[in-house]
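Asks: just the structure for this:
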Amino acid sequence: MITARRRSEMDWIVDVLDHYVTEVRPRFDVGRHRAFWVTERRGRLSKRSANEAFETARQAAGLPEELDLHSLRHSMITHLVEFDYPERFVQDQAGHKVAATTAIYTGVSDEYRNRLLKSKLTARHAELWEKP
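Replies: Numbers count the residues shown, from 1 in each chain. Okay, here's the model as predicted:
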């Protein structure tokens, strides 16, 4: 079940990807190239190029040096968990064979932990005090 909260927190990416697909990518004149992310030379964007672009953007934004492209992977996994996507879905999106690896990537916020604890305690309370 997709909650309204999840949809609203992820809606921004739809506009970003739509802009890339309709405005940016066509300017590379790549025709039917199979790669989604392409370079100005009409080739597939390499990991090295992606990392260099991220470093340039990070510096321009004044973000801390300890952030790297791999940080986005940790953030994505954490957000999927906090938006209540099923564990197996998150594991598959990360490409991990075992859930323990996915757990290493997850660093949920205190707000999420409090919300989770509250929901579990509320459910348990209702279970214990429900009239037969």
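Asks: just the element for the residue nearest to the spatial centre of the chain, please.
Replies: Per Cα atoms, centre = their mean, the C-alpha nearest to the average position across the chain is that of Met76, at 2.4 Å. Per DSSP states H and E, Met76 falls inside helix 69-82.
Asks: for whichever helix or strand comes after that helix, list every residue counted as buried.
Replies: Next helix or strand after helix 69-82 toward the C-terminus (DSSP H and E): helix 87-94. Within helix 87-94, the residues that count as buried by 16 or more other Cβ atoms under 10 Å are Val90, Gln91, Ala94. C-beta coordinates here come from the backbone N, C-alpha and C atoms, glycine included.
Asks: quick check, nearest of those to Gly43?
Replies: Closest approach to Gly43 among those (Cβ to Cβ): Ala94, at 26.4 Å.
Asks: residues touching that closest one, list them.
Replies: Arg73, Ile77, Thr101, Thr102, Tyr105 (Cβ atoms under 8 Å, 6 or more residues apart in numbering).
Asks: what's the farthest-apart pair in these?
Replies: Longest distance between any two of those is 11.8 Å, between Arg73 and Thr101; criterion Cβ to Cβ.
Asks: tell me the mean pLDDT over the helix holding Met76?
Replies: Across helix 69-82, the average pLDDT comes to 88.
Asks: give the buried residues for that helix.
Replies: Within helix 69-82, the residues scored as buried using 16+ other Cβ under 10 Å are Ile77, Thr78, His79, Leu80, Val81, Glu82.
Asks: next one: Val21 from His70, what distance?
Replies: Val21 sits at a distance of 25 Å from His70 (criterion: Cβ to Cβ, to the nearest Å).
Asks: nope, Glu55 is what I was after
Replies: To His70, Glu55 is 12 Å away according to Cβ to Cβ.
Asks: ok, Arg42 touching Phe28?
Replies: Yes. The criterion here is Cβ atoms under 8 Å, and Arg42 meets it with Phe28 at 5.9 Å.
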